[in-house]
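Visitor: Here is the input, now give the coordinates:
(one chain, ligands or ions: 1)
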Amino acid sequence: MGTPITVARGDGIGPEIMQATLEILEAGGADLEIEEVEVGLAAYQAGYTAGIRPEAWESLRRTKVFLKAPITTPQGKGMKSLNVTIRKTMGLFANVRPCIAYAPFVETRFPKMDVVIVRENEEDLYAGIEHQQTDEVVQCLKLISRPGSERIIRYAFEYAKQNNRKKVTCFTKDNIMKLTDGLFHKIFDEVAAEYPEIEAEHWIIDIGTALLAERPQVFDVIVTQNLYGDIISDVGAQVTGSVGLGGSANIGEHMAMFEAIHGSAPDIAGQGIANPSGLLLGAVQMLVHIGQGAAAEQVHNAWMKTLEDGIHTGDIYHEPNSKRRAGTNEFAQAVIERLGEKPSVLTPVRYGQREPLQVPRPKPATRRKKELVGVDVFLHHEPCAPEALAAKVQQASTEALTLRMISNRGVKVWPEGAPETFITDHWRCRYRAADNATLTPADIHFNRGAAWGIGIANTPWIPDGKGFA
Ligand code: NAD
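Guide: The predicted structure is shown next:
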């Protein structure tokens, strides 16, 4: 009895590259019990807004392993991304993308590149919590949790340990986002201290990304948040020389999903010319994950030998290193013929028998004492001179709460604002005790008798088109 896995052939080039991949896996000795499900366009068209049928969920819960070909995401209102839905529903917190150069057989400016990007997959700006705040301003909440950060960072270090990698680099923007990115960086330092044998370093995301694009060989494993990871994993894949060669794993506590990083390539679908390598390398990650390291090793080495022999699909065809332009099926057969062989220029892989990489669930944080120190009141008020708004909203101050600051789109505009600051209709008024004392909930009310006429805390404000005048 093989390991049960769920397989979806997807859309566009999906069925072609999945067929090639499954043939190679079978010939390579992978012991799999395949359950096929339908996801993607057909499911969207049947009215399932996330592109996945209920039976497919049942299969995923049963097998806990999903090998997925790319799908076409229909544009249009109400359609949700299948990938994001599966990642969030099944708690696939870690996205692992090896970005490896195969020079000189695949053209790249960075022949020594060998970077693994470990991206947090559930939190950050991808929590999908967005609000229309005012006529002019919308907001998206960036959520970073301690357990979410701890889990992905620990995963990156465990991955480094298991794969004999020497360094883990953290990318954040904590010079600007001091609480969210600051927390991620702090937890990185805490976890890194538990792995003294692995070098740990931190880069600000912008210069770190520039370095990744210019000198990728200085990185080994990179761990970062969701949005940064989304961007840098494409940068990383691109600079290896071909996005078409990238595979990716999405790992969770309950299940894991493996795929190519590219999309369904509708422009070349049905022509039999697509490169199956991205999906195949995703499948190699899957074999390692389910404890079939020997098959993973055999397939991966035969695939590298095929590249070395110059049998290349059109997307990576480049003379003189390319000798034969192969279609999808021809390429797959070439890999199958080389099973048992190893590359001689590229470094052969060794996976051996491994336990699936698991990280313990982080302990709940100890409850810290909370103190009520003030209130931020967000106003939808037409753009005006900050002093004029301050004169109005100051009247709402009470003995306990004093207006201390007004900001507009996050920029302080009162007191001592700059005349050049651009003003929108989105204001934040910060009230605190005059002596910075701790407050009680009973202190949180506003002067109802004020000229502006409302107690914000307990009366909904109904816009009258003129603001508070
Ligand atoms: P794409 O990755 O499908 O294609 C970009 C370019 O790369 C195209 O020119 C294509 O021909 C080429 N290409 C991609 N994979 C190739 C391969 N294996 N062999 C040879 N050439 C290859 O990106 P896109 O055109 O922006 O997106 C097409 C569709 O795929 C969209 O509907 C998008 O939503 C979807 N998509 C799905 C996934 C996924 O399922 N994980 C990921 C990305 C995009």
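
Visitor: tally of neighbours for the closest residue to the ligand within the stretch 351-469 of the chain?
Guide: Closest to the ligand within the stretch 351-469 of the chain is Leu357: 22.0 Å, counting by Cβ to the nearest ligand atom. Where C-beta positions appear, they are placed from N, C-alpha and C, glycine not excepted. Neighbours of Leu357 under the rule other Cβ atoms under 10 Å: 18.

Visitor: do the same with the one 10 residues further on
Guide: Under the neighbour criterion other Cβ under 10 Å, Arg367 is assigned a count of 6.

Visitor: Would you quantify the distance from the residue of the stretch 351-469 of the chain closest to the ligand to Ala160?
Guide: 11 Å (Cβ to Cβ, to the nearest Å).

Visitor: same thing with Ala365?
Guide: 25 Å.

Visitor: which of those two has more neighbours?
Guide: For Ala365 versus Ala160, the count of surrounding residues by other Cβ under 10 Å is larger for Ala160: 23 against 10.

Visitor: Nearest residue to the more buried one in space, please, no chain neighbours.
Guide: Spatially, and ignoring its direct neighbours in sequence, Ala160 is nearest to Val221 (4.8 Å; Cβ to Cβ, 6 or more residues apart in numbering).

Visitor: Against Lys161, how distant is the one you found?
Guide: Distance from Val221 to Lys161, by Cβ to Cβ: 10 Å.

Visitor: which of these two has more neighbours?
Guide: Neighbour totals were compared for Val221 and Lys161, and Val221 leads with 22 against 14 (other Cβ under 10 Å).

Visitor: my guess is the more buried one meets Cys170, correct?
Guide: No: between Val221 and Cys170 there is no contact under Cβ atoms under 8 Å: 9.9 Å.

Visitor: Got phi/psi on the residue in the chain that the ligand sits nearest to?
Guide: Across the chain, the shortest distance to the ligand (Cβ to the nearest ligand atom) belongs to Gly263, at 2.4 Å. Main-chain torsions, Gly263, degrees, to the nearest 10: phi -90, psi -160.

Visitor: show me the contacts for the nearest residue to it once chain neighbours are set aside.
Guide: With sequence-adjacent residues excluded and distances taken as Cβ to Cβ, 6+ apart, Gly263 is closest to Pro70, at 5.0 Å. By Cβ atoms under 8 Å, 6 or more residues apart in numbering, the contact list for Pro70 reads 10-14, 259-260, 262-265, 279.

Visitor: Residues of the stretch 201-350 of the chain that sit close to the ligand?
Guide: 244, 259, 262-268, 274-275, 278, 315 (Cβ under 6 Å from any ligand atom).

Visitor: same thing but at 8 Å, please
Guide: 243-244, 259-268, 273-279, 313-315 (Cβ under 8 Å from any ligand atom).

Visitor: Looking at the contacts of Pro70, which is nearest Phe110?
Guide: For the contacts of Pro70, the residue nearest Phe110 by Cβ to Cβ is His262; the value is 19.5 Å.

Visitor: now the helices: where do they sit in this protein?
Guide: 14-27, 41-45, 54-63, 82-89, 146-162, 180-192, 205-214, 226-239, 277-289, 293-308, 328-337, 386-393 (DSSP state H).

Visitor: and Cys454, what pLDDT?
Guide: Wrong residue type there; residue 454 is Ile, not Cys. The score at Ile454 is 40. That number is its pLDDT.

Visitor: begin at 795 from here
Guide: Sure, I'll start counting at 795 from here, so that last one is Ile1248.

Visitor: roughly how far apart are Thr902 and Gln1086?
Guide: Distance from Thr902 to Gln1086, by Cβ to Cβ: 30 Å.

Visitor: Name the residue in the two with the higher neighbour count.
Guide: Gln1086 (25 against 19).

Visitor: which ones are touching the more buried one?
Guide: Contacts of Gln1086 (Cβ under 8 Å, 6+ apart): 797, 824-825.

Visitor: Can you list the low-confidence ranges for the protein?
Guide: By pLDDT under 70, the low-scoring segments of the chain are 1242-1263.

Visitor: Map the structural domains onto the sequence of it.
Guide: 797-1131, 1168-1247 (automatic domain parsing).

Visitor: tell me the most buried of those domains?
Guide: Counting by mean count of other Cβ atoms under 10 Å, domain 797-1131 has the highest mean neighbour count of those, with a mean of 20.

Visitor: Quick check: end-to-end length of it?
Guide: 24 Å (Cα to Cα, to the nearest Å).

Visitor: Same question for stretch 1102-1118.
Guide: 11 Å.
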